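Participant: Pasting a predicted model and its sequence here:
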Amino acid sequence: MPIVAQSTETTDWVSRFADEVIEESERRAPGKPVVVASGLSPSGPIHLGNLREVMTPHLVADEIRRRGLVVRHLISWDDYDRYRKVPAGVPGVDESWSQHIGKPLTSVPAPKGSEHPNWAEHFKSAMTTSLAELGVEYDGISQTEQYTSGTYREQVLFAMKHRGDIDAVLEQYRTKKSPAKKQGQKPADEAELEAAEGSGAAAEDDGSSDAGYFPYKPYCGRCEKDLTTVTAYDDDSTELTYTCSACGFSETVLLNEFNRGKLVWKVDWPMRWAYEGVVFEPSGVDHSSPGSSFQVGGQIVGIFGGKQPIGPMYAFVGISGMAKMSSSKGGVPTPADALQIMEPQLLRWLYARRRPNQSFKIAFDQEIQRLYDEWDKLAGKAAEGSVLPADAAAYARAVGTAAGELPRTPRPMPYRTLASIADITAGAEDQTLRILSELDPQNPLTSLDEVRPRLDKAETWINTQVPAQERTVVRDEPDTDLLKSLDDQGRESLRLLLDGLDANWSLDGLTHLVYGVPKVQAGFPADATPKELPSEIKVAQRTFFARLYHLLVGRDTGPRLPTLLLAVGQERVRRLLGE
């Protein structure tokens, strides 16, 4: 099976794949555009696992474009697939949609309230919007249009004429069983398996029936469903007879004029490889099993006079935290969901920095703050020129494409800071601007547009992903009981803090102040380093911080104290701390 080698070297995986794809393309089709491909089935929300099916060839195609070569990235919308089940958790959809099972996705009504004409267009639209935001350049191909317009007529007739050859290939795998799972191996959920199979509906039958083998499946002329069986076919006249088990309808048609049907999936995919001349297409890890679409297709494509694409098998994409998320798989978020809380550069980076055979997680929980810290640190190193080559390549692929840089936040302040401020101010723009302008008095922010869209992403994250019990609510009145209970040392710590507010009212200044108070109380300079301090100082700092949080927000923890103090405002801080 022609799979691109997946090295464990630290060099840039995209460049290595691009080298091999260019070489292979020149060998197969000298002087012609390089063709890479992805396949997406709009059978429900297209999730972040499916996005790897697109991002892997996109990054390779973009590298080829950067080298000045012509490349086409095809995305086949498998919208002529059968509607297989009613997905859970989709707004505007109920069990009445089960009456449409078996119809083409483009013949199924869109969810209630949708502006789109059918089911496929509804879910395709959300993905096309996300791909545009991510800077993915591609040529979209509707399989409904391809089949119903007769584009594939010659290929369909060819497949029916050579059905014996195709059946012989499929027969090699019909009795093989998938390898037993290793002990302790975590089972993949249904969403992961569908993502792994990539293009199309992998669970379709392969065309076998009591009447013989036919790789073509008509959609019924009465009920539109594919619960049909071809009972007879004549190669010379192309006369085809089928019956429908759903409604009992039967008819005889001339296949050289008939456009209401499609090749079964395991024949359809390799037919397209040959028709489009695809050189590179990734596939999910499930293709390593005997009889998978990719493995079988590698033999069937030769019948059509083509070659199987090269390409890596990609690993699953996991999610950490999915509050308030819903999709056809009961909680697997989509690219649109991710782009509500993170900038496209960060999402691109998550796919670019890991080789396709490495799994990774996309954070919807507190981990997103650490990811953003890591991203900003990388951006700083890239600006300085001190970043490792592979990391520099991943960064460059994240911030832009061959067409240019993606729109970015002009002044990218720390995500965790923006999230904390959005939390405390509940999105009040005047308060947000006041706080952000005080973070760096030497270079104050003058407009919230300078920190957008990152500010908007952070605010959406706070509002949709952070549980209510973890939100920050500043006290309206001082906690007089706690203030009265303080001993001399506790009161002195508050006095030292309050005395230093005026002179240190900035993010850096307040950071120095709040960490310095316990040091001064212990007889050390406020700027003493951790190496110069006994371990007891850390305990004193934690005690001091917890006391401040209780006095300000009534909890043991909260946003970083310097950010919290700025957000609360100096006048209110003084009042809540008993001045």
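Facilitator: Done, it's in. Given the structure is predicted, the values throughout are model-derived calculations rather than measurements.
Participant: hey, where'd the helices end up in the stretch 451-579 of the chain?
Facilitator: Per DSSP state H, counting those that start in this stretch, the stretch 451-579 of the chain carries helices over the ranges 454-465, 480-485, 488-500, 507-521, 536-553, 561-568, 570-576.
Participant: wait, which of those helices is closest to residue 424?
Facilitator: Closest to residue 424 of the helices of the stretch 451-579 of the chain is helix 561-568 (CB to CB; 4.1 Å). All C-beta spots, glycine's among them, are computed from the backbone N, C-alpha and C.
Participant: how many other residues sit next to residue 479?
Facilitator: Number of residues near residue 479 (other CB atoms under 10 Å) recorded here: 16.
Participant: Can you give me the pLDDT of it?
Facilitator: At residue 479, the model reports a pLDDT of 95.
Participant: Per-residue pLDDT of the residue nearest to it when sequence neighbours are not counted, please?
Facilitator: Among residues not flanking residue 479 along the chain, residue 551 sits closest, at 5.7 Å (CB to CB, 6 or more residues apart in numbering). On the pLDDT scale, residue 551 is placed at 96.
Participant: Kindly provide the distance from residue 551 to residue 564.
Facilitator: The gap separating residue 551 from residue 564 is 11 Å, by CB to CB, to the nearest Å.
Participant: okay, the two: which has more neighbours?
Facilitator: Using other CB under 10 Å as the criterion, residue 551 and residue 564 rank with residue 564 on top: 24 against 19.
Participant: For the more buried one, report the pLDDT, please.
Facilitator: Per-residue pLDDT puts residue 564 at 93.
Participant: mind showing which ranges of the stretch 51-200 of the chain have poor pLDDT?
Facilitator: Filtered on pLDDT under 70, the stretch 51-200 of the chain yields the residue ranges 175-200.
Participant: 50 - rerun?
Facilitator: Low-confidence segments of the stretch 51-200 of the chain (pLDDT under 50): 178-200.
Participant: Which stretches in it count as strands?
Facilitator: Assigned by DSSP state E, counting those that start in this stretch, the stretch 51-200 of the chain shows strands spanning 71-77, 139-142.
Participant: most neighbours per residue, which of those strands?
Facilitator: Among these, the stretch with the highest mean neighbour count (mean count of other CB atoms under 10 Å) is strand 71-77, at a mean of 23.
Participant: can you list the residues that contact it?
Facilitator: If you take CB atoms under 8 Å, 6 or more residues apart in numbering as the criterion, strand 71-77 is touched by 33-42, 54, 57-58, 61, 64-65, 120, 124, 136-143, 199, 272, 276, 278.
Participant: What pairs with that strand, parallel or antiparallel?
Facilitator: Strand 71-77 has its sheet partners listed here by DSSP bridges as strand 34-40 (parallel), strand 139-142 (parallel).
Participant: Which one of those lies nearest to residue 211?
Facilitator: With CB to CB, the closest approach to residue 211 among the strands paired with strand 71-77 belongs to strand 34-40: 29.7 Å.
Participant: check contacts around residue 414.
Facilitator: Neighbouring residues of residue 414 by CB under 8 Å, 6+ apart: 372-373, 376.
Participant: can you map out the helices along the stretch 301-450 of the chain?
Facilitator: Using DSSP H, counting those that start in this stretch, the helices of the stretch 301-450 of the chain run over 335-341, 344-352, 367-384, 389-399, 415-425, 429-439.
Participant: Of those helices, which is nearest residue 540?
Facilitator: Using CB to CB, the helices of the stretch 301-450 of the chain put helix 415-425 closest to residue 540, at 24.0 Å.
Participant: ok and that closest one relative to helix 454-465, angle-wise?
Facilitator: Taking axes from the mean of the first three to the mean of the last three CA atoms, to 10 degrees, one finds helix 415-425 and helix 454-465 inclined to each other by 60 degrees.
Participant: Could you list every helix and strand that helix 415-425 packs against?
Facilitator: Packing partners of helix 415-425 (3 or more CB pairs under 8 Å, 6 or more residues apart in numbering; DSSP states H and E): helix 367-384, helix 429-439, helix 454-465, helix 561-568.
Participant: Dump the ones you listed to CSV, plus distance to residue 266.
Facilitator: Below are these laid out as CSV (distance: least, CB to CB, whole Å):
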stretch, distance to residue 266
helix 367-384, 39
helix 429-439, 55
helix 454-465, 40
helix 561-568, 56
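Participant: Identify, out of those, the most deeply packed stretch.
Facilitator: Ranked by mean neighbour count, the helices and strands packed on helix 415-425 are led by helix 561-568 with a mean of 24 (mean count of other CB under 10 Å).
Participant: Dihedrals phi and psi, residue 89?
Facilitator: The phi and psi torsions at residue 89 (degrees, to the nearest 10) take the values phi 80, psi 10.
Participant: Distance to residue 232 added to the strands of the stretch 51-200 of the chain, as CSV?
Facilitator: Listed next are the strands of the stretch 51-200 of the chain as CSV, based on distance: least, CB to CB, whole Å:
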stretch, distance to residue 232
strand 71-77, 31
strand 139-142, 31
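Participant: right, so of those strands, which gets closest to residue 393?
Facilitator: strand 71-77 (18.0 Å).
Participant: Alpha carbons only: can I get the closest one in CSV?
Facilitator: C-alpha atoms of strand 71-77 as CSV (Å, rounded to 0.1, in the frame of the first residue of the first chain):
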residue,chain,number,x,y,z
VAL,A,71,-1.9,22.5,-7.1
ARG,A,72,-5.6,21.7,-6.8
HIS,A,73,-7.0,20.7,-3.4
LEU,A,74,-10.3,18.9,-4.1
ILE,A,75,-12.9,18.6,-1.4
SER,A,76,-15.5,16.1,-2.4
TRP,A,77,-18.8,16.8,-0.6
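Participant: how far is it from where the chain is centred?
Facilitator: 18 Å (CA atoms, centre = their mean, to the nearest Å).
Participant: quick one: the residue nearest to residue 425 when sequence neighbours are not counted and residue 36, what's the gap?
Facilitator: Using CB to CB, 6+ apart and skipping residues adjacent in sequence, the residue nearest residue 425 is residue 431, 4.2 Å away. Relative to residue 36, residue 431 is positioned 48 Å away (CB to CB).
Participant: same question, residue 107
Facilitator: Residue 107 sits 30 Å away from residue 36 when distances are taken as CB to CB.
Participant: quick one: which of these two has more around it?
Facilitator: Legend: neighbour count by other CB under 10 Å for residue 107 and residue 36, higher for residue 36 (27 against 19).
Participant: Contact partners for that one?
Facilitator: The contact partners of residue 36, by CB under 8 Å, 6+ apart, come to 21, 57, 60-61, 71-74, 278-281, 309.
Participant: in terms of contact, does residue 311 touch residue 278 like I think?
Facilitator: No. Residue 311 lies out of contact with residue 278 (CB atoms under 8 Å); the separation is 9.0 Å.
Participant: ok, back up a step: which ChimeraX command selects the buried ones in the contacts of strand 71-77?
Facilitator: Selecting only the buried entries of these in ChimeraX, with 16 or more other CB atoms under 10 Å as the criterion:
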select :34,35,36,37,38,39,40,41,42,54,57,58,61,64,65,120,124,136,137,138,141,142,143,199,272,276,278
